[in-house]
Each structure stands twice: as C-alpha cells, then as structure tokens.
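K.L.:
coordinates only, sequence not included:
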C-alpha cells in the first residue's frame with residue numbers, strides 16, 4: 001500500500017450540519033454544500049456498506065446497454081463520482097462533476113437533511129438503497145479497518161458502540177434510513193433494499209429500469225446480471241476499489257462477502273440483546289422494516 005499523507009492517515013471525524021464526516025471531506029464542505037445539481041442528474045444514495053457500488057455498476061451498465069467494454073473504461077468511482085469525496089493530492093468529486101458532461105450519475109452517503117439544496121430544487125431522481133443494521137455494522141467495521149481515511153475502529157465491540165451512538169462517518173444508521181424513507185413521500189425517490197436485491201436481482205433491476213424510464217433487451221439484462229454478480233465484481237479491478245488510494249485490501253477486501261446474515265458470525269449473545277433493544281427504540285417511530 002502507498003505511503004499515506006498524514007492528513008489522510010486516520011484523521012478524526014468532523015461535524016457538518018450535525019453529521020460526522022471524514023475530516024478531509026469536511027474541509028471541502030463549502031463546495032459540496034453549494035454544488036449545483038442538474039435536472040437530469042441521477043443520484044445514488046446509501047448509508048455506507050449498503051450496496052452502493054453494486055447499484056452504481058448496475059446503473060452504469062443500464063445506461064451503456066450492457067456494454068462492459070464501455071463500462072470498463074474507468075473505475076466505478078470515476079464513472080459515478082462520490083459527491084462529498086475529497087482528499088490530499090487528488091481532485092475533489094465536486095471539481096470532477098463540474099466538468100462532466102450530461103448525464104451525470106452521482107453517489108452520496110449524506111443524510112437527507114444535509115444533501116445540497118440544488119438536488120431538491122432540480123427535482124433530481126434519487127435511488128436509495130438500505131441494508132439491515134446488523135450486517136451494515138459488521139461490514140462497516142471491516143471497512144473502517146482497511147480504509148485509512150477513517151479513525152481507528154478499535155475492537156469490534158468498541159466499534160459497535162460507536163456505531164450505535166452515531167459516532168461514525170455519516171452518523172446514525174437509523175437517522176439515515178428513516179430520513180430518506182420519509183422523504184420518498186414527497187420526492188422522486190426509488191427506495192430499494194439490499195436483501196431484496198440479493199433475493200431477486202432481476203426483479204430489482206426491473207424496478208430500476210421503470211424508475212429510470214429505460215428499456216433493455218433480455219440479452220442486455222442477462223449481461224447485467226452476469227457482470228454485477230458479487231463474484232464478478234469482486235474480481236473486477238474496475239469495480240472492487242483495488243485501484244483506489246487510502247485502502248489496504250490485505251487487511252480486509254473492499255468487497256468482502258456480499259451476503260445477508262453475516263452479523264451472526266460477529267455479534268455475541270450479549271451484543272445482540274443490547275443491539276435489539278437499541279434497535280427497538282430507534283425504529284419505534286417508523287413503519288420502515290428490515291429483514292435481518
């Protein structure tokens with residue numbers, strides 16, 4: 001792994017609009033906050049480790065009619081820039097996006113209340129993907145271990161406490177998923193679930209197509225299903241983030257398992273009981289439900 005600049009080697013989180021965020025991202029916040037969306041921008045929003053890259057690759061292939069050669073011309077993080085991303089020695093995503101031609105597909109992990117106002121003003125379409133809280137906790141812990149732009153996660157138990165308290169990048173999982181769930185009632189938002197995508201990816205891609213007002217042939221659908229299987233993406237350097245700086249894949253791969261229920265291999269009985277009680281309290285005020 002490359003030598004990291006000090007300012008991107010386990011920097012502390014900073015707050016923007018009450019939400020914790022990676023330090024160098026916060027330093028570019030003014031450019032994010034004032035980012036000018038366009039009416040035909042397509043935004044992919046998730047809490048971290050909820051299927052962002054998977055949906056990004058699916059959308060990219062839909063727009064390219066299943067042409068993998070076209071989709072492979074650049075890494076997925078270049079084809080679908082991460083709105084709030086910024087770091088030393090690299091152009092910020094806002095700089096990159098401002099130079100991009102139409103149409104733009106943009107990724108974000110921002111909570112709904114801190115998303116730049118221009119996305120709402122322009123009535124942009126948003127694809128939101130949510131994943132169950134326990135699997136997210138496990139996946140996020142391993143991501144924190146290998147992605148050095150984040151603070152040191154400590155032990156699994158220490159990280160789980162931080163996650164429950166919202167002291168992780170992008171804040172509380174519950175705040176994130178509930179905020180976007182509520183916003184779907186008044187904005188053009190397609191709300192998908194990671195577990196549904198695992199269960200029947202063809203069905204969920206059909207939802208995406210309908211939402212995007214796109215049509216593809218059965219042949220293109222088969223290509224997209226093939227190229228966006230977990231194993232295909234894990235083995236694809238243009239999708240698996242192996243070319244992205246500030247990550248050590250020898251600690252934990254960016255694409256680790258891509259399954260549902262892995263939390264059962266990490267949570268102790270005591271941790272699970274504590275989390276279940278926390279979860280009941282956090283989700284008591286919503287009709288949003290998840291499959292664990």
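P.N.:
Sure thing, it's come through. Quick caveat, the model's predicted, so the values are computed rather than measured.
K.L.:
burial of residue 188, as a residue count?
P.N.:
Residue 188: 11 surrounding residues under other Cβ atoms under 10 Å. All C-beta spots, glycine's among them, are computed from the backbone N, C-alpha and C.
K.L.:
how about the nearest residue to it, chain neighbours excluded?
P.N.:
Closest residue to residue 188 apart from its sequence neighbours, by Cβ to Cβ, 6 or more residues apart in numbering: residue 125 at 5.0 Å.
K.L.:
what residues are up against the one you found?
P.N.:
41-43, 188-190, 211-212 (Cβ atoms under 8 Å, 6 or more residues apart in numbering).
K.L.:
who wins for most neighbours among the residues you listed?
P.N.:
Busiest of those [other Cβ under 10 Å] is residue 43, holding 23 neighbours.
K.L.:
Could you list the residues in contact with the helix or strand that contains that residue?
P.N.:
Per DSSP states H and E, residue 43 falls inside strand 42-46. Identification of contacts with strand 42-46 by Cβ under 8 Å, 6+ apart yields 37, 52, 55-56, 59, 80, 103-110, 112, 115, 119, 124-131, 180, 212.
K.L.:
coming back round to it: could you identify the least confident member of the contacts of residue 125?
P.N.:
For those, the model is least confident at residue 188; its pLDDT is 93.
K.L.:
Point to the residue nearest the middle of the chain.
P.N.:
Central residue of the chain (Cα atoms, centre = their mean): residue 52, 3.7 Å from the mean position.
K.L.:
and residue 31, what helix or strand is that in?
P.N.:
Going by DSSP H and E, residue 31 is part of helix 29-33.
K.L.:
check contacts around residue 55.
P.N.:
Contacts of residue 55 (Cβ under 8 Å, 6+ apart): 44, 46, 127, 129, 192, 197, 208.
K.L.:
how deep is residue 123 tucked in, by neighbour count?
P.N.:
Residues within reach of residue 123, counting by other Cβ under 10 Å, total 11.
K.L.:
can you give me phi and psi for it?
P.N.:
Main-chain torsions, residue 123, degrees, to the nearest 10: phi 50, psi 50.
K.L.:
what's the answer for residue 35, then?
P.N.:
Dihedral angles (degrees, to the nearest 10) for residue 35: phi -60, psi 140.
K.L.:
Over to the one 4 residues further on?
P.N.:
Its backbone dihedrals place residue 39 at phi -60, psi -30, with angles given as degrees, to the nearest 10.
K.L.:
roughly how far apart are the residue nearest to residue 188 and residue 40?
P.N.:
In this view, residue 125 and residue 40 are 9 Å apart by Cβ to Cβ, to the nearest Å.
K.L.:
Kindly report the same for residue 133.
P.N.:
Distance from residue 133 to residue 40, by Cβ to Cβ: 33 Å.
K.L.:
What is the neighbour count of the nearest residue to the residue nearest to the centre of the chain once chain neighbours are set aside?
P.N.:
Distance criterion Cβ to Cβ, 6+ apart; nearest residue to residue 52, sequence neighbours excluded, is residue 46 at 4.5 Å. Residue 46 has 27 neighbours, counted by other Cβ under 10 Å.
K.L.:
distance of residue 46 from residue 82?
P.N.:
Distance from residue 46 to residue 82, by Cβ to Cβ: 11 Å.
K.L.:
Please apply the same query to residue 42.
P.N.:
As for residue 42, its distance to residue 82 is 14 Å (criterion: Cβ to Cβ).
K.L.:
contacting residues around the closest residue to residue 172 other than its chain neighbours?
P.N.:
Distance criterion Cβ to Cβ, 6+ apart; nearest residue to residue 172, sequence neighbours excluded, is residue 166 at 3.6 Å. Contacts for residue 166 were tallied using Cβ under 8 Å, 6+ apart; they are 20, 172, 175.
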